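Asker: model this:
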Amino acid sequence: MPRFVRLHAAAPKPIAFAIDGVPAEAQPGDTLLTALLAAGKPLRHSDFGPESHAGFCLMGACQECTVQLADGRRLRACGTPVEAGMNVLTGHPGAIAPDAAAPIGESA
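Answerer: Numbering: from 1, shown residues only. The predicted model follows:
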């Protein structure tokens with residue numbers, strides 16, 4: 001169950017994106033961090049155990065929210081607005097090949 005709950009009504013036109021190739025929706029203005037946490041998903045998993053990361057400072061001062069997209073881009077999730085068609089990978093940035101996940105609507 002997500003720990004973040006929206007306090008306002010959903011926008012009439014959500015933004016379609018994917019988390020590890022699974023379709024998801026974000027609200028206009030959401031950052032990747034907001035969209036991932038609202039969906040109940042971690043940013044990525046720890047390199048040292050089964051724990052997951054959910055961000056640290058939440059304001060762009062650290063590098064803990066860096067995520068990788070399926071196209072290979074690495075971004076700070078806390079300061080990057082969700083764009084239609086993004087496919088966010090929750091593995092450790094740099095450890096995933098750019099073609100590790102198929103674009104939205106395509107099977108691997």
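
Asker: now the end-to-end length of stretch 30-46.
Answerer: With Cα to Cα, to the nearest Å as the measure, the ends of stretch 30-46 fall 24 Å from one another.

Asker: what mean pLDDT does it have?
Answerer: Stretch 30-46 shows a mean pLDDT of 84.

Asker: buried stuff in that stretch?
Answerer: Residues of stretch 30-46 classed as buried: 30-39, 41-44 (neighbour count, 16 or more other Cβ atoms under 10 Å). C-beta coordinates here come from the backbone N, C-alpha and C atoms, glycine included.

Asker: got a markdown table for those, with secondary structure and distance to residue 58 too?
Answerer: Formatted as a markdown table, the buried residues of stretch 30-46 follow (DSSP: H, G, I helix; E, B strand; the rest coil; distance: Cβ to Cβ, whole Å):
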| residue | secondary structure | distance to residue 58 |
| --- | --- | --- |
| 30 | coil | 14 |
| 31 | strand | 9 |
| 32 | helix | 12 |
| 33 | helix | 7 |
| 34 | helix | 10 |
| 35 | helix | 14 |
| 36 | helix | 12 |
| 37 | helix | 10 |
| 38 | helix | 14 |
| 39 | coil | 16 |
| 41 | coil | 16 |
| 42 | coil | 14 |
| 43 | coil | 11 |
| 44 | strand | 15 |
